[in-house]
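[1] Structure for this input, please:
(4 chains)
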Protein chains: 2
Amino acid sequence: MSKKDRKAREKERRRNQIIDAAERVIFSKSLEQATMDEIAEEAELSKGTLYLYFENKTDLYIAITQRGSDLLNSKFAKVFSGAHDHTGLELIRMMGETYLNFVEEHPNYFTAFMYYESISNVEVLGDSKYAKQCDQNRHEALNFMIRALQIGMQDGSVDDRYEPKELATIIFASTRGLTAMTHASGRGHYFELLDEMEVGMSTLFENFLNLLVEGMASKKELKDMENSSK
Amino acid sequence: MSKKDRKAREKERRRNQIIDAAERVIFSKSLEQATMDEIAEEAELSKGTLYLYFENKTDLYIAITQRGSDLLNSKFAKVFSGAHDHTGLELIRMMGETYLNFVEEHPNYFTAFMYYESISNVEVLGDSKYAKQCDQNRHEALNFMIRALQIGMQDGSVDDRYEPKELATIIFASTRGLTAMTHASGRGHYFELLDEMEVGMSTLFENFLNLLVEGMASKKELKDMENSSK
DNA sequence: TCACTTTCTGACTGATAGTCATTTTTAATG
DNA sequence: CATTAAAAATGACTATCAGTCAGAAAGTGA
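    The predicted model follows:
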């Protein structure tokens, strides 16, 4: 039994070694410019071996995507580990900040996320377990957000006339839009737009969160905020 | 002189004929699956000729992207042609709806937008005139939004403690996030998330706009809305 | 008709994703 | 330790396709 286990562990280590090498090569260039031969050399293996562990180049890249997805979710989880000290509204804000930090610290993983979602028809993915885990993570992230909203409705920080699932989906998607812009601007896009404003992405993001918060905060909470700012 | 003009016009027609063919082929499959040989055949030209009109495959795809971008902007412009009958806040809402409709009617163009923004470093684009026009259009779209906000601040429908440029950028990016989700769900992504909710993307989008509107509406406007709903 | 320019062609090249028959390594058995 | 079977790894090979370029065809003007 443990023999099999060891085998499985070694196989897993090999797999990770390949993903490590692939990250180094692909992140230093780009998916298109990186070749499987290069990745094989970086991993100190032959090309054929890569194909023993991954269906094809895309599959390998999705394995990288999954790593990023796992990492992001672990950060979300950390936010919730201290959930008791915060209102639901604060948790939402913290999740947003976590996301923005992630994009700034791990732009290459975010690039991978974008590639993943750009895959035009899901059939291309086949039944990739990496893709499944990514979808699973996304689902979990949304659940975190739903939970935060429910907490907020309990503690009175979020207006309870909203449907938590719906609101969570909206926040999720719009936050994603902001992070995508942050990411793109870091790659040279949107230069003209953001350059004209003296504010950086993080200020912009802060204002975005404030805007959302004003929209979804309960009337009571708003009154509190108004008072405390005076 | 007019000789040269005619020549230029014919060249332009050829170019469009190629883009037409490329759209048919690429939209029916995907960028990666479409080959230049196929596109050439569809255009009833030889492959070599394609390269007289476009730098490379990406350049050709960006020409398609520009078409989509032009189309979207013309729709935005139409919203503004009747600007006098609407408040600034209404214009913002109409722009959002226009965007969502566009994604639903022209998903292939939106796919192209996503590809364009996913280009990891802008140097790849070189000095493509198509890319320049896309950036120009994006800039113009943002200006439409800024204008709508300014109108809204004038007519009292938008809270004037916001900075129009900043707010426009935020709305722009977050709306983009929602449309991206709409697009992705149409391609089979996010299935699990959206399936659980009985609401469709357009309802979700409507609620998103309401949320934004509440966040950015002036207090006066909110009071009006409250009264009228009673 | 000739000479010159512009446009077009398609066979060719180079790069690279993916394959598979063969070799090497590992592990188990007597 | 020697033998053998299974598992893992290899790298030469194939197929595909983006991009090229020398030469053909079409257009233009005298």
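[2] leaving aside the residues next to it on the chain, what's closest to the residue of chain A found nearest chain B?
    For chain A and chain B, the shortest gap (C-beta to the nearest C-beta) falls at A:G177, measuring 2.3 Å. All C-beta atoms are positioned from the backbone trio N, CA, C, and that covers glycine. Excluding the flanking residues, the one nearest A:G177 by C-beta to C-beta, 6 or more residues apart in numbering or on different chains is B:G177, at 2.3 Å.
[3] In three-state terms, how would the one you found be classified?
    Classification of B:G177 using DSSP: H, G, I helix; E, B strand; the rest coil returns helix.
[4] so it makes contact with A:H183?
    No. Using C-beta atoms under 8 Å, B:G177 makes no contact with A:H183, being 12.0 Å away.
[5] Check whether stretch A:112-120 comes near DNA strand C.
    No. On the criterion C-beta under 7 Å from any atom of the strand, stretch A:112-120 is out of touch with DNA strand C, staying 13.4 Å away.
[6] Run through who's touching that stretch.
    The contact list for stretch A:112-120 (C-beta atoms under 8 Å, 6 or more residues apart in numbering or on different chains) reads A:31, A:61-62, A:64-65, A:68-69, A:125, A:131, A:134, A:180, A:183, B:30, B:111, B:114-115, B:117-118, B:180, B:184, B:187, B:189.
[7] With stretch A:130-142 instead?
    So stretch A:130-142 is contacted by A:59, A:62-63, A:65-66, A:69-70, A:72-73, A:76, A:116, A:125, A:168-169, A:172, B:190, B:192-193 (C-beta under 8 Å, 6+ apart).
[8] Among those, name the buried ones.
    For the contacts of stretch A:130-142, a burial check counting by 16 or more other C-beta atoms under 10 Å in any protein chain shown picks out A:59, A:62-63, A:65-66, A:69, A:72-73, A:76, A:116, A:125, A:168-169, A:172, B:190, B:193.
[9] care to break chain A down by domain?
    If you go by automatic domain parsing, the domain ranges for chain A are A:1-54, A:58-229.
[10] tell me the average confidence for the shortest one?
    Taken as a whole, domain A:1-54 has an average pLDDT of 91.
[11] thinking again about what came up before, ok, of the domains of chain A, where does mean pLDDT dip lowest?
    domain A:58-229 (a mean of 87).
[12] other SSEs contacting whatever helix or strand A:E90 lives in?
    Using DSSP states H and E, A:E90 maps to helix A:88-105. With contacts taken as 3 or more C-beta pairs under 8 Å, 6 or more residues apart in numbering or on different chains; DSSP states H and E, helix A:88-105 sits against helix A:57-81, helix A:107-118, helix A:129-155, helix A:164-186, helix A:201-216.
[13] looking at these, which is buried most?
    helix A:164-186 (a mean of 23; mean count of other C-beta atoms under 10 Å in any protein chain shown).
[14] Return the list of helices and strands in contact with it.
    Counting contacts by 3+ C-beta pairs under 8 Å, 6+ apart, helix A:164-186 packs against helix A:88-105, helix A:107-118, helix A:129-155, helix A:201-216, helix B:164-186, helix B:191-196, helix B:201-216.
[15] Mind putting those helices into CSV with distance to B:R24?
    Below are these laid out as CSV (distance: least, C-beta to C-beta, whole Å):
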stretch, distance to B:R24
helix A:88-105, 36
helix A:107-118, 21
helix A:129-155, 29
helix A:201-216, 39
helix B:164-186, 20
helix B:191-196, 28
helix B:201-216, 27
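[16] hmm, back to that, could you identify the most distant pair in the buried ones among the contacts of stretch A:130-142?
    Pairwise distances across these (C-beta to C-beta) peak at 30.5 Å, for the pair A:D59 and A:A168.
[17] next structured bit after the host helix or strand of A:A8?
    Using DSSP H and E, A:A8 sits in helix A:2-28. Next along the chain after helix A:2-28, taking DSSP H and E as the criterion, comes helix A:36-42.
[18] hmm, who's touching the helix or strand following that following helix?
    Using DSSP H and E, the helix or strand that follows helix A:36-42 in sequence is helix A:47-53. Contact with helix A:47-53 is made by A:14-15, A:18, A:36-37, A:39-40, A:43, A:60, as judged by C-beta under 8 Å, 6+ apart.
[19] give me that answer again for 10 Å
    A:11-12, A:14-19, A:21-22, A:35-41, A:43, A:45-46, A:56-57, A:59-60, A:63 (C-beta atoms under 10 Å, 6 or more residues apart in numbering or on different chains).
[20] Can you give me the buried ones in it?
    Across helix A:47-53, burial judged by 16+ other C-beta under 10 Å covers A:50, A:53.
[21] Kindly report the same for stretch A:85-103.
    Neighbour-count burial for stretch A:85-103 flags A:86-96, A:99-100, A:102-103 (criterion: 16+ other C-beta under 10 Å).
[22] farthest pair in those?
    A:T87 and A:V103 (24.8 Å).
[23] Could you check how many residues crowd around the closest residue to A:T58 other than its chain neighbours?
    Excluding the flanking residues, the one nearest A:T58 by C-beta to C-beta, 6+ apart is A:V124, at 7.3 Å. For A:V124, the count of nearby residues is 14 (other C-beta atoms under 10 Å in any protein chain shown).
[24] So A:V124 lies in a helix, does it not?
    Yes. Assessed by three-state DSSP, A:V124 belongs to a helix.
[25] quick one: it from DNA strand D, how far?
    14 Å (C-beta to the nearest atom of the strand, to the nearest Å).
[26] isn't that residue right up against B:K29?
    No. Counting by C-beta atoms under 10 Å, A:V124 stays clear of B:K29, with 11.2 Å between them.
[27] of all the residues in chain A, which ones are close to DNA strand D?
    A:7, A:11, A:14, A:45-49, A:51-52.
[28] next one: stretch A:174-186 to chain centre, how far?
    Relative to its parent chain, stretch A:174-186 has a centroid offset of 11 Å by C-alpha atoms, centre = their mean, to the nearest Å.
[29] Quick check: which of the helices and strands packed on helix A:88-105 is nearest to B:V199?
    Closest among those, using C-beta to C-beta: helix A:164-186, at 6.1 Å.
[30] mind checking how far the closest one is from the chain centre?
    Worked out by C-alpha atoms, centre = their mean, helix A:164-186 lies 10 Å from the chain centre.
[31] before we move on, the earlier item: from the residues of chain A next to DNA strand D, which is closest to B:Q154?
    Among the residues of chain A next to DNA strand D, and counting by C-beta to C-beta, the member closest to B:Q154 is A:Y51, at 63.2 Å.
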